[in-house]
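Participant: here's my sequence, what's the structure:
(2 chains, ligands or ions: 2)
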Protein chains: 2
Amino acid sequence: HYVISHAKPFWLHLFYFLVVSLVGYMVLKVNNNLNNLDLFFTSVSATTASSMSTLEMEVFSNDQLIVMTILMLLGGEVFTSMLGLQLRRCNFSSFQTPKVDNSHVIIDNNSIELGTINQLSISTSDDSESYSKYYNNSIKVLGYVVLGYLLVVHAIGSTLVTIYMTLTPSANNVLKSKGLVLNTFSFFVIVSTFSSCGFIPTNENMIIFRGNPGLLLIVLPFVFLGNTLYPSLLRLVIWVLERFIKKKEFNYMLNNYKEMGYDHLLSSKECWYLTGTTIAFLVLQVVVFCAMEWSSGVMEGMNSYQKFVGSVFQTANTRHSGESIVDLSLVSPAILVLFIIMMYLPAYTSFLPISDEQEETPEKSIKMKKKKKVVENMVLSQLSYLVIFVIIICITERKSLKDDPLNFNVLNIVFEVISAYGNVGLSTGYNCKRRLNSDKNCSDKLYGFSGRWSNAGKCVLILVMFFGRLKKFNMHGGKSWKML
Amino acid sequence: HYVISHAKPFWLHLFYFLVVSLVGYMVLKVNNNLNNLDLFFTSVSATTASSMSTLEMEVFSNDQLIVMTILMLLGGEVFTSMLGLQLRRCNFSSFQTPKVDNSHVIIDNNSIELGTINQLSISTSDDSESYSKYYNNSIKVLGYVVLGYLLVVHAIGSTLVTIYMTLTPSANNVLKSKGLVLNTFSFFVIVSTFSSCGFIPTNENMIIFRGNPGLLLIVLPFVFLGNTLYPSLLRLVIWVLERFIKKKEFNYMLNNYKEMGYDHLLSSKECWYLTGTTIAFLVLQVVVFCAMEWSSGVMEGMNSYQKFVGSVFQTANTRHSGESIVDLSLVSPAILVLFIIMMYLPAYTSFLPISDEQEETPEKSIKMKKKKKVVENMVLSQLSYLVIFVIIICITERKSLKDDPLNFNVLNIVFEVISAYGNVGLSTGYNCKRRLNSDKNCSDKLYGFSGRWSNAGKCVLILVMFFGRLKKFNMHGGKSWKML
Ligand SMILES: [K+]
Ligand SMILES: [K+]
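Facilitator: Numbering: from 1, shown residues only, chains lettered A, B, ... in the order given. Ligands and ions are numbered 1, 2, ... in the order given. The predicted structure follows:
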């Protein structure tokens, strides 16, 4: 207990994801002879909500699919953030520390998790008794709100999918022909989409359902509910609850969002801009995607309505669910480059005009710098690490890059690495027909490009997935590199 | 005169480079029927010190080579910075403004060009009479120092090259067989290298001289003299002059490097770290390059000594001269990715540990923000612009990307764009043998990959070269994009 409350959040997170991945791997391993590395890769991929794949999905039994559903649930950002809230509550109730110490703890948490300290926490420390009470209650209530949100969203989602699949013969036939259990499928798809994982129990991912725009439209909102629009919706839920239940804690949360120390509770202004940015990115992508691919053959056999819904679904999934209704290897390079950028951008990337209120307080920045100076000087920026990963994979896969240049090119490798880093899971795949020297042993498989990599390359990609899942802890790296 | 002294530095620079490019284009156009766009491209490429090429170099006559030498001289960073110094001197002598106004002008210049204001300029404003005198004299003396540096470096360099070419039959024969004039060649090569342009009068660039490590070793220092190591050497020169001539102005320059408002005058600490970073990058590149390419066939026919010198020369040229001793299309992708990063990094990129002295003064940052808020909110970061350029080129060249995927791949396009942005000039080129559908009309040419692009693509690359040459004015873009 002491360890948990004193460990740095980064190590706590890393430990959590490692343990879940390992346990997941061991459970998945029971009673089958699939490749160990590929199974661990899949477990990491599910836990970090990446959905990178080196195995076809239909090799997994119904039981294994249920295990993966649990892994995705445990690894999703909303769920882990709820765990964090519960953990903080435990810390508070067991460590009833005096006033000064108490406020110190708060500042510490904030400064690490949010990178900002709100002055209010200092100004209100006079009436610390009532403050502390409010704070504790608010954390508790917030925990319940998040839990309720999770339960309601999953219940509605899986019910809707179940109803659609039952009523639509074309979709239902797919499940029957593949021997998938309806309830498992519904719950798997919703958990996977809400946690931004993006695994689908079919080999073809969503491509096989691209003639079912109804299903795509049901699943589409869940891409945003647990990801880019989560802060806005959480704030909306709290605001509605405050209106109807009129508990003071809701009001406290809305006004003291920074002191709550919950990463996903943002100011109303930030929520608006974040929502706007999300929509702008989606519109931009849909426009470019439709302009380039409407009649390029990528969406062959679909009517205009299906094409439009498909385009919206496909481009929404670049941030960061990674479900797919087209074969990305056929998509034009301009779109792939655009997708790489969208996959790279973290969920809460937002246009936010600079205003004077947002100026960092000078005392804080100096305080932070003094504390972290040594570590900070060693740390590189996110992009530098990604470049290093790409170079390493170019070295591990150098033979294939030379012999099979149409499948193994740097664009596809960068796409795969950024996809893993962004925990997206899109992949350009591999196609035996694109080989320059045809090989009779080559058979097309419906898993990601990384499934064709060497073991060393796969191991690097596992690292990248962990690195991407924990990226919020290294957002400010590379500060000691200056352009003079 | 009024216009010049009041225009913003950015527009002044843009105007200068545009005019020089246009004049250069018109002079190059006299008496020949080369393609207009290609000639303008070449003129821009020489003026912005990029050395991107869409024409083979040997199509140019001796006169045209002399014109290009002048363009490269006029466009080099050291020369333009010297012009800036002269311009500032004129402003000062003609506008004898009162004390307060005067110091205001200084702060303005600094804040725009350096992004920093030194507090000393305010503290010394009491004895502004002597301060102003020192300041004016120092600017004047600094102008002479830079001019002297330019003249001495070019005189020594071209003499050394001339001597080497005269004494070495193998190198001399190349000139004879290509009908190049020795003096033009020597001066062209040194001007080109010192200004970090990287044009060489031979079609093959430096590949044809890779058996002459002596020539490479003579040229190598000039890659650094006008680029990454210029601030350190300038400071060294001033320090030596101060030791021997003991004029107070030298001392003033060394101590008040920020007030001088000369971008290339850095603190002694910054110079040390910059030198260290430059060497570290070079060593890193040499190690990786030798590890990957020592026996890969890229440097076939060279002995170990030649290979080592060649590797050092090649990797030094990624920042940012862009001369080449190997065919980059044969180099492994890992190296190309590494080169892309090195080309991207501006010359004065430095590891600089964070220390408390360097904290920005809070008043300043607020002041700056207020002034530029509107513009700042609109501006994107450098990388965003580059991605947009890459996407545009992927669209303009979409047909070739589909039909000729081994020559036209996104890596090569990114390489070309970053090479133009970094004003480097390296290129992966184009090889008819790599075409999937062989074309009898295709003949191999010794110019850059962009020479095979559509006119639209070439125009975008011209923009990128200007954008890259003026990058110092947009180093702080994208500030209104936050990762919440
Ligand atoms: K995902
Ligand atoms: K250059």
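
Participant: could you use CA atoms for every contact and neighbour count after this?
Facilitator: Fine.

Participant: any chance you could map the helices in the stretch 251-400 of chain A?
Facilitator: Ranges of helices within the stretch 251-400 of chain A are A:268-293, A:304-316, A:333-344, A:362-378, A:382-396, A:398-403, based on DSSP state H, counting those that start in this stretch.

Participant: CA atoms only: put the last one into CSV for me.
Facilitator: Okay, so that is helix A:398-403. Extracted as CSV, the C-alpha positions of helix A:398-403 are listed here (Å, rounded to 0.1, in the frame of the first residue of the first chain):
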residue,chain,number,x,y,z
ARG,A,398,17.0,-4.5,-44.1
LYS,A,399,17.0,-7.7,-46.1
SER,A,400,13.3,-7.5,-46.9
LEU,A,401,13.6,-3.8,-47.7
LYS,A,402,16.1,-4.8,-50.4
ASP,A,403,14.4,-7.9,-51.7
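
Participant: what helix or strand is residue A:82 on?
Facilitator: Under the criterion of DSSP states H and E, residue A:82 resides in helix A:77-94.

Participant: return the residues in contact with the residue of the stretch 301-450 of chain A at minimum distance from ligand 1.
Facilitator: Closest to ligand 1 within the stretch 301-450 of chain A is residue A:424: 3.4 Å, counting by C-alpha to the ion. Residue A:424 makes contacts with A:49-52, A:196-198, A:317-322, A:343, as judged by C-alpha atoms under 8 Å, 6 or more residues apart in numbering or on different chains.

Participant: max-length helix in chain A?
Facilitator: Across chain A, the longest stretch assigned as helix under DSSP state H is helix A:128-167.

Participant: thinking again about what came up before, in JSON lines: the contacts of residue A:424, plus pLDDT and distance to ligand 1.
Facilitator: JSON lines is the format used below for the contacts of residue A:424 (pLDDT from 0 to 100; distance: C-alpha to the ion, whole Å):
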{"residue": "A:49", "pLDDT": "93", "distance to ligand 1": "5"}
{"residue": "A:50", "pLDDT": "92", "distance to ligand 1": "4"}
{"residue": "A:51", "pLDDT": "91", "distance to ligand 1": "5"}
{"residue": "A:52", "pLDDT": "92", "distance to ligand 1": "8"}
{"residue": "A:196", "pLDDT": "92", "distance to ligand 1": "5"}
{"residue": "A:197", "pLDDT": "92", "distance to ligand 1": "4"}
{"residue": "A:198", "pLDDT": "91", "distance to ligand 1": "5"}
{"residue": "A:317", "pLDDT": "94", "distance to ligand 1": "8"}
{"residue": "A:318", "pLDDT": "93", "distance to ligand 1": "8"}
{"residue": "A:319", "pLDDT": "89", "distance to ligand 1": "8"}
{"residue": "A:320", "pLDDT": "86", "distance to ligand 1": "5"}
{"residue": "A:321", "pLDDT": "90", "distance to ligand 1": "4"}
{"residue": "A:322", "pLDDT": "91", "distance to ligand 1": "5"}
{"residue": "A:343", "pLDDT": "93", "distance to ligand 1": "9"}
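
Participant: tabulate the residues you listed in a markdown table, adding columns for neighbour count and distance to ligand 2.
Facilitator: Formatted as a markdown table, the contacts of residue A:424 follow (neighbours: other C-alpha atoms under 10 Å in any protein chain shown; distance: C-alpha to the ion, whole Å):
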| residue | neighbour count | distance to ligand 2 |
| --- | --- | --- |
| A:49 | 35 | 44 |
| A:50 | 35 | 41 |
| A:51 | 32 | 42 |
| A:52 | 33 | 40 |
| A:196 | 35 | 44 |
| A:197 | 32 | 44 |
| A:198 | 33 | 45 |
| A:317 | 27 | 40 |
| A:318 | 28 | 37 |
| A:319 | 29 | 38 |
| A:320 | 31 | 39 |
| A:321 | 31 | 42 |
| A:322 | 31 | 40 |
| A:343 | 26 | 32 |
